[in-house]
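*Asks:* prediction below, plus the sequence it came from.
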Amino acid sequence: MDTFAKEVEALKAREDAVILAHYYTDGAVQSVADDVGDSFYLAKVAAKTGRSTIVFCGVRFMGESAKILNPSRRVLLPSAEADCPMAHMASPEQIAAVRARVPGVQVVCYINSTAQIKACSDVCVTSSNAAKIVSRLEAKDILFIPDDNLGGHIAAQFPEKTFHFLGGYCPVHAMVTAADIEGERRAHPQAQVLTHPECVPSVRAVSDFLGSTADIIAYAERSAESEFIVCTEPGVLWELRRRCPSKAFYPVTPVCGDMRRITPERLLRCLKTGEYEVALDPATAEAARRPLERMLELAK
Ligand code: 13P
Ligand code: SF4
């Protein structure tokens with residue numbers, strides 16, 4: 001065990017803390033986490049941990065969701081600034097306007113959203129459970145927020161429903177173009193393209209597999225192929241290479257600057273000082289708990 005890992009272990013025991021890390025964080029951070037996963041997996045782990053402190057190595061909405069699902073725990077974020085820009089790409093006013101215009105509409109909110117937006121929604125989803133949850137909704141009209149790209153990918157699977165969108169997107173995944181994929185395919189003609197549904201439609205259309213970060217890892221692990229172009233945040237390559245050491249992975253997506261704010265130094269500082277604790281307005285947290293718990297229920 002290196003010095004960093006030893007220091008983390010000692011502080012974790014002192015603070016009765018569990019460390020959760022998203023696949024997009026730095027490999028050094030993932031290596032000392034108790035659990036590493038995609039948004040859905042980490043939300044489930046956070047909801048049932050017995051430890052008194054959760055250190056969430058991820059962006060703000062992940063720490064907020066942990067606090068909402070397990071309110072008696074202290075939830076810490078190593079960086080106060082790590083905040084997903086897409087989480088803010090919908091507003092209560094826009095949601096209210098659609099509800100007024102479309103009677104019976106169900107508001108399906110990607111977990112990559114602020115607590116305030118969740119509080120105005122009917123059910124939350126992640127990229128690993130969105131299709132299952134939408135399949136369990138009776139409503140014909142769905143307002144899918146804030147990600148038009150994940151929403152478009154899900155809408156294509158439910159032609160009998162009418163989807164409404166508000167124009168949000170992930171600035172990191174949306175940067176990848178179909179020309180980038182073609183260039184990578186020319187360089188690696190044997191490789192399969194594995195893509196997160198947060199990518200734009202023209203990129204999704206030229207991909208071999210679409211899925212959440214956990215789905216992408218599972219696909220690469222069980223595939224008989226040995227080369228993959230990975231079209232999601234390159235932090236995921238750490239786990240891909242750990243699980244599949246004999247396979248080759250070629251990243252094509254830029255890093256998410258917000259996820260990369262979670263450095264080993266900031267993780268240590270967080271464990272030492274207790275900064276930054278997630279604090280939510282109680283009424284907002286209460287209202288946001290309902291759609292998050294409904295997600296856990298419908299995804300079973
Ligand atoms: P998943 O964890 O659902 O794959 O989502 C990716 C993401 O953008 C998290 O910020
Ligand atoms: Fe948000 Fe995109 Fe970064 Fe995920 S990768 S945290 S959706 S900006």
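*Replies:* Noted; the coordinates are in hand. Ligands and ions are numbered 1, 2, ... in the order given.
*Asks:* contact residues of the chain facing ligand 2?
*Replies:* Proximity of the chain to ligand 2 (CB under 6 Å from any ligand atom) is limited to residues 59, 84-86, 112, 170-173, 198, 233, 256, 258-259. Yep, even glycine has a C-beta here, placed from its N, CA and C like the rest.
*Asks:* intersect the residues you listed with the contacts of ligand 1.
*Replies:* Okay, of these touching ligand 1 (CB under 6 Å from any ligand atom), that's 84, 112, 170, 198.
*Asks:* tell me the buried residues within those.
*Replies:* The neighbour-count test (16 or more other CB atoms under 10 Å) marks 84, 112, 170, 198 as buried among those.
*Asks:* now those in TSV, with distance to residue 55?
*Replies:* Formatted as TSV, these follow (distance: CB to CB, whole Å):
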residue	distance to residue 55
84	18
112	20
170	24
198	25
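*Asks:* what are the buried residues along stretch 135-153?
*Replies:* For stretch 135-153, by 16+ other CB under 10 Å, it's 137, 139, 141-153.
*Asks:* same check on stretch 184-200?
*Replies:* 184, 185, 191, 192, 193, 194, 195, 196, 197, 198, 199, 200.
*Asks:* so which of the buried residues of stretch 135-153 are in strands?
*Replies:* Using DSSP state E, the subset of the buried residues of stretch 135-153 located in strands is 141, 142, 143, 144, 145.
*Asks:* and which of the residues you listed is nearest ligand 2?
*Replies:* residue 145 (13.1 Å; CB to the nearest ligand atom).
*Asks:* my read: that closest one touches residue 113, true?
*Replies:* Yes. Counting by CB atoms under 8 Å, residue 145 touches residue 113, with 6.8 Å between them.
*Asks:* give me the common contacts of these two.
*Replies:* Common contact partners of residue 145 and residue 113 (CB atoms under 8 Å, 6 or more residues apart in numbering): 90, 121.
*Asks:* tally of neighbours for the closest residue to residue 46 other than its chain neighbours?
*Replies:* Excluding its sequence neighbours, the residue lying closest to residue 46 (CB to CB, 6 or more residues apart in numbering) is residue 66, at 3.6 Å. In terms of burial, residue 66 registers 26 neighbours under the definition other CB atoms under 10 Å.
*Asks:* okay, which residue is most central for the chain?
*Replies:* Centroid-nearest residue in the chain, with CA atoms, centre = their mean: residue 39, separated by 4.0 Å.
*Asks:* what pLDDT does that residue get?
*Replies:* Note on residue 39: pLDDT of 96.
*Asks:* which ones are touching the closest residue to it other than its chain neighbours?
*Replies:* Residue nearest to residue 39 in three dimensions, not counting chain neighbours: residue 126, with 4.5 Å by CB to CB, 6+ apart. Taking CB under 8 Å, 6+ apart, we find residue 126 in contact with 38, 39, 40, 43, 110, 111, 212, 295.
*Asks:* now that we have those residues, which one has the most neighbours?
*Replies:* residue 110 (30 neighbours).
*Asks:* near ligand 1, which residues of the stretch 201-300 of the chain show up?
*Replies:* With CB under 6 Å from any ligand atom as the criterion, the stretch 201-300 of the chain meets ligand 1 at residues 212, 213.
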